[in-house]
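A.B. asks: how would this look folded up:
(2 chains)
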Number of protein chains: 2
Amino acid sequence: MRIMRAEQFGLKREVEYGTPEQNASVAAIVAAVREEGDAALLRFSEQFDGVKLDAGSLRVTKQEIEAAYGQVDAAFLEAIREAAANIKSFHEKQKRNSWIDLQPDGTQLGQIMRPLKRVGVYVPGGKAAYPSSVLMNVIPAQVAGVPEIVMVTPPATGGKAGIDPYILVAAAEAGVKEMYRVGGAQAIAALAYGTATIAPVDKICGPGNIYVALAKRAVFGAVDIDSIAGPSEIAVLADDSANPVYVAADLLSQAEHDEMASAILVTPSERLANAVGAEVDRQLAELPREAIARSSIDSYGAALLVESLEEGIEVINKLAPEHLEIMTQDPMSLLGKIENAGAIFLGPYSSEPVGDYFAGPNHIIPTNGTARFSSPVNVDDFMKKSSLIYYSKDALMANGGKIMTLARHEGLEGHARAIEVRLEQQQAD
Amino acid sequence: MRIMRAEQFGLKREVEYGTPEQNASVAAIVAAVREEGDAALLRFSEQFDGVKLDAGSLRVTKQEIEAAYGQVDAAFLEAIREAAANIKSFHEKQKRNSWIDLQPDGTQLGQIMRPLKRVGVYVPGGKAAYPSSVLMNVIPAQVAGVPEIVMVTPPATGGKAGIDPYILVAAAEAGVKEMYRVGGAQAIAALAYGTATIAPVDKICGPGNIYVALAKRAVFGAVDIDSIAGPSEIAVLADDSANPVYVAADLLSQAEHDEMASAILVTPSERLANAVGAEVDRQLAELPREAIARSSIDSYGAALLVESLEEGIEVINKLAPEHLEIMTQDPMSLLGKIENAGAIFLGPYSSEPVGDYFAGPNHIIPTNGTARFSSPVNVDDFMKKSSLIYYSKDALMANGGKIMTLARHEGLEGHARAIEVRLEQQQAD
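C.D. replies: Predicted structure coming up:
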């Protein structure tokens, strides 16, 4: 792992917008599904997934979900249930009530909080099918009160239409009752515009390959979408008290995700930097995903030396990492200074996988520096607000003149007259 | 105004994504500002706004702001100050605290709420320069606690570099201390990437012409942006008790905005529909913006007849209007059934301009059916959340095995080992 002064380091990763050919392909798929509905879905499933279906078999049956429970092992089921309960509990603390402000003149103003009505969750197929991500996408919507949550996931490739039983069980445990075996850009188009079998949704979330990401971008506006996730990141801020074995293991747990993942140590301790470097080398050699992790560490990993923890915090705030671990003598004392980080893990036992799988906070977190302005997935993402305005007669009589002044200044006479007709009526009465 | 059965009506307006030429022009401007900084800003200001500036004169001076106060009339100043106070008061009720959940095993989980650090507000020039929109964009950011709020607005065209004093006063009253005379796509690029004179921001908001909208879309990802507003909409749900003079005036207050604005009455009362139609004709003839309002009413306006208020509510929920007025005998009793509406105005005195200018709720509200999944501008738009995870040693010892089960199921051995090294260490101690 490279060791360098912090000011020598620059993390540059461009956002992936797809090639013109990929965008054109996605546009054609979306247009076909919008026009032909189920027929296009079935055609693309055969073409891309090698699975011949009819419209009646798109929906996953209750029997398949029950059968899936027989196929997952007991330790997994126990762990995922406890994880789901923790995630639910954490997200329930985020719920907000509608509120109303009653003013002395009779005016009532407020914000009404409502869940979205129907949400679609995309779950990728193959090796990227993570049960934990199903929980992290579905449970916040469930807690928000979304009455209809629908999952789509590609049928297994190679002619079989089966879906990973672990995914089915995770979805069922999270409360999903409506699941379809369809993937790719065609699934996103179906969720956005609807077909005879799949009713359209208000928002689409969940990760996917480049075609899924481009399709989400293409339908945005007709429906809401979640943010497009970039490669994963961890930054560890540590002082001389940190255990280099823990630090190295946590850096590698990010690096194994993806060759473009980034794992960065920020420390004032050259001794720690050297020890972590040696540990990374030692642990890397034993990892099943060694090649991926090594490439990530070589390209986007580093130990950055700083003069002090204060300077380290400046570096962190510039990086705005998805995950930040603080392993210092007194991590709580630094918390108030962290401006930009998606999730903050404090102390030696808060290893990132604790948050990835189990503790309760969401593991879908802003990447690529966007923690400067965005947030981990949360209950608000599945709710909308409406403003409430009940203006009393007294309030209108008292303030109508000022409203007309402002409207007329902006050249909107029709706005002023909407007030004026009421004031005149009251004077006439 | 057309009167028809609700099921015969379909509101179809396409979202504006710009021509290929406009997009190419915006991409070139953004690239030039990113590369050349201030020099490009000054060049484009001369080219598009006909104003020759140097970098030192981009920033609006304190003297100009003071001078602006001498140029606005007293009634305007009084009204805008009271409006600003109402907007501030309403938005302050939205503020949320960071929270922490202390668990018996020592674990602490929470959400940290923080304001964005720096926000840019675009204010269009010419006739679209609305002081009220300055308040509606700036005050929520101010209330969120954003320490740096910067306004950009085009210099007046025709060689003079002055800015509308009403805009300067509104911005100053809202608390903006940093203002630049630069507009168009070049201003958006400067806010996103920074120049020697203008430091980059975390989020850009505010309305603008098609070039501004396309530039915001182009820089999204590097910074956050607000949603791109479509043409304005009002729907009025009314029964026989409603005053047709009020209903018509309110419909016209939307219609006068824009030829593409939509103004729709939904009612079970044919008598009311006819009376409102007659009133619209009568009031239209007296409006200064008659041509615009007439075009809007002809193309996108209608009185929709329904069998009952219940059916009317179904129509409203499908329309998901930006503004909804309910003028019925007992409007509060219907509130719980309204699923989709950006802002809801109840009763005969809650005319939409009350909310546009004065009452306190934001007037920047989702358009084009997006109230299904989005919200009026609010304090949350200028805050971000970080998850907080402090896991105790006891919690890790108790739950580490389950975390490892889940990680290994997903094939992420490095995640499992980050837990394992800690469990082994504890067993060794």
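
A.B. asks: What ranges does the stretch 301-429 of chain A have for its helices?
C.D. replies: Ranges of helices in the stretch 301-429 of chain A, per DSSP state H, counting those that start in this stretch, are A:309-319, A:352-357, A:393-409, A:413-428.

A.B. asks: With mean neighbour count and distance to residue B:257 added, can I get those helices in JSON lines?
C.D. replies: The way it works is simple: take the backbone N, C-alpha and C, and place the C-beta from them, glycine included. Shown next, in JSON lines, are these (neighbours: other C-beta atoms under 10 Å in any protein chain shown; distance: least, C-beta to C-beta, whole Å):
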{"stretch": "helix A:309-319", "mean neighbour count": "19", "distance to residue B:257": "42"}
{"stretch": "helix A:352-357", "mean neighbour count": "28", "distance to residue B:257": "47"}
{"stretch": "helix A:393-409", "mean neighbour count": "20", "distance to residue B:257": "12"}
{"stretch": "helix A:413-428", "mean neighbour count": "20", "distance to residue B:257": "8"}
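
A.B. asks: neighbouring contacts of stretch A:282-301?
C.D. replies: A:1-2, A:11, A:13, A:248-249, A:251-252, A:254-264, A:280, B:411-414, B:417 (C-beta atoms under 8 Å, 6 or more residues apart in numbering or on different chains).

A.B. asks: thought residue A:115 was touching residue A:382?
C.D. replies: Yes: with contacts counted by C-beta atoms under 8 Å, residue A:115 reaches residue A:382, the gap being 6.0 Å.

A.B. asks: CA-only coordinates of stretch A:115-126, as PDB, when you get a sec.
C.D. replies: What follows is stretch A:115-126, C-alpha atoms only, in PDB (Å, rounded to 0.1, in the frame of the first residue of the first chain):
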ATOM      1  CA  PRO A 115     -45.700   7.500   2.200                       C
ATOM      2  CA  LEU A 116     -45.300   7.000  -1.500                       C
ATOM      3  CA  LYS A 117     -48.000   4.600  -2.700                       C
ATOM      4  CA  ARG A 118     -46.000   2.100  -4.800                       C
ATOM      5  CA  VAL A 119     -42.300   1.500  -4.900                       C
ATOM      6  CA  GLY A 120     -40.200  -0.900  -7.100                       C
ATOM      7  CA  VAL A 121     -37.000  -2.500  -5.800                       C
ATOM      8  CA  TYR A 122     -34.600  -3.900  -8.400                       C
ATOM      9  CA  VAL A 123     -32.400  -6.800  -7.200                       C
ATOM     10  CA  PRO A 124     -29.600  -7.800  -9.600                       C
ATOM     11  CA  GLY A 125     -29.100 -11.500 -10.500                       C
ATOM     12  CA  GLY A 126     -26.100 -13.700 -10.300                       C
END
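
A.B. asks: So residue A:115 and residue A:382 - more neighbours on which side?
C.D. replies: Higher neighbour count among residue A:115 and residue A:382: residue A:382, with 25 against 21, using other C-beta atoms under 10 Å in any protein chain shown.

A.B. asks: Report the buried members of the contacts of stretch A:282-301.
C.D. replies: A:1, A:13, A:248-249, A:251-252, A:254-264, A:280, B:412-414, B:417 (16 or more other C-beta atoms under 10 Å in any protein chain shown).

A.B. asks: Might you specify the subset of those located within helices?
C.D. replies: A:248-249, A:251-252, A:254-255, A:280, B:413-414, B:417 (DSSP state H).

A.B. asks: Between the residues you listed, which sits nearest residue B:72?
C.D. replies: Of all those, residue B:72 sits closest to residue A:254, with 55.4 Å by C-beta to C-beta.

A.B. asks: residue contacts, that closest one?
C.D. replies: A:232-234, A:261-263, A:296, A:323, A:352 are the contacts of residue A:254 under C-beta under 8 Å, 6+ apart.

A.B. asks: how about a cut-off of 10 Å?
C.D. replies: By C-beta atoms under 10 Å, 6 or more residues apart in numbering or on different chains, the contact list for residue A:254 reads A:231-236, A:261-264, A:293, A:296-297, A:300-301, A:321-323, A:352-353, A:356, B:414-415, B:418.

A.B. asks: what's the answer for residue A:316, then?
C.D. replies: Residue A:316 neighbours (C-beta under 10 Å, 6+ apart): A:6, A:235-237, A:264, A:266, A:304, A:306, A:309, A:324, A:326, A:334, A:337-341, A:344.

A.B. asks: re the thing from before, with pLDDT and distance to residue B:48 as added columns, please give the ones in helices among the buried ones among the contacts of stretch A:282-301 in a markdown table.
C.D. replies: Formatted as a markdown table, these follow (pLDDT from 0 to 100; distance: C-beta to C-beta, whole Å):
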| residue | pLDDT | distance to residue B:48 |
| --- | --- | --- |
| A:248 | 98 | 54 |
| A:249 | 98 | 55 |
| A:251 | 97 | 49 |
| A:252 | 97 | 52 |
| A:254 | 94 | 46 |
| A:255 | 95 | 47 |
| A:280 | 97 | 53 |
| B:413 | 96 | 57 |
| B:414 | 96 | 53 |
| B:417 | 97 | 58 |
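
A.B. asks: Give me the distance between the closest residue to chain B within the stretch 51-200 of chain A and residue B:400.
C.D. replies: Proximity of the stretch 51-200 of chain A to chain B (C-beta to the nearest C-beta) peaks at residue A:79, 3.9 Å away. Taking C-beta to C-beta, to the nearest Å as the measure, residue A:79 falls 11 Å from residue B:400.

A.B. asks: joint contacts of the two?
C.D. replies: In contact with both residue A:79 and residue B:400: residue A:358, using C-beta under 10 Å, 6+ apart.

A.B. asks: For burial, what's the neighbour tally of residue A:127?
C.D. replies: Neighbours of residue A:127 using other C-beta under 10 Å come to 8.

A.B. asks: correction: residue A:233
C.D. replies: So residue A:233, with other C-beta under 10 Å, has 29 neighbours.

A.B. asks: With the one 4 residues further on instead?
C.D. replies: Here the number of neighbours of residue A:237 (other C-beta under 10 Å) works out to 28.

A.B. asks: Name every strand pairing with the host helix or strand of it and say which way it goes.
C.D. replies: Secondary-structure assignment from DSSP states H and E places residue A:237 in strand A:233-238. In the sheet, strand A:233-238 lines up against strand A:262-267 (parallel), strand A:323-327 (parallel) (DSSP bridges).

A.B. asks: what ranges do the strands span in chain A?
C.D. replies: A:3-5, A:99-102, A:108-115, A:118-122, A:148-153, A:178-181, A:203-205, A:224-225, A:233-238, A:262-267, A:302-305, A:323-327, A:343-346, A:383-390 (DSSP state E).

A.B. asks: Which of the ones you listed comes out lowest on mean pLDDT?
C.D. replies: Among those, strand A:3-5 has the lowest mean pLDDT, at a mean of 87.

A.B. asks: Before I go, just wanted to say thanks for your time.
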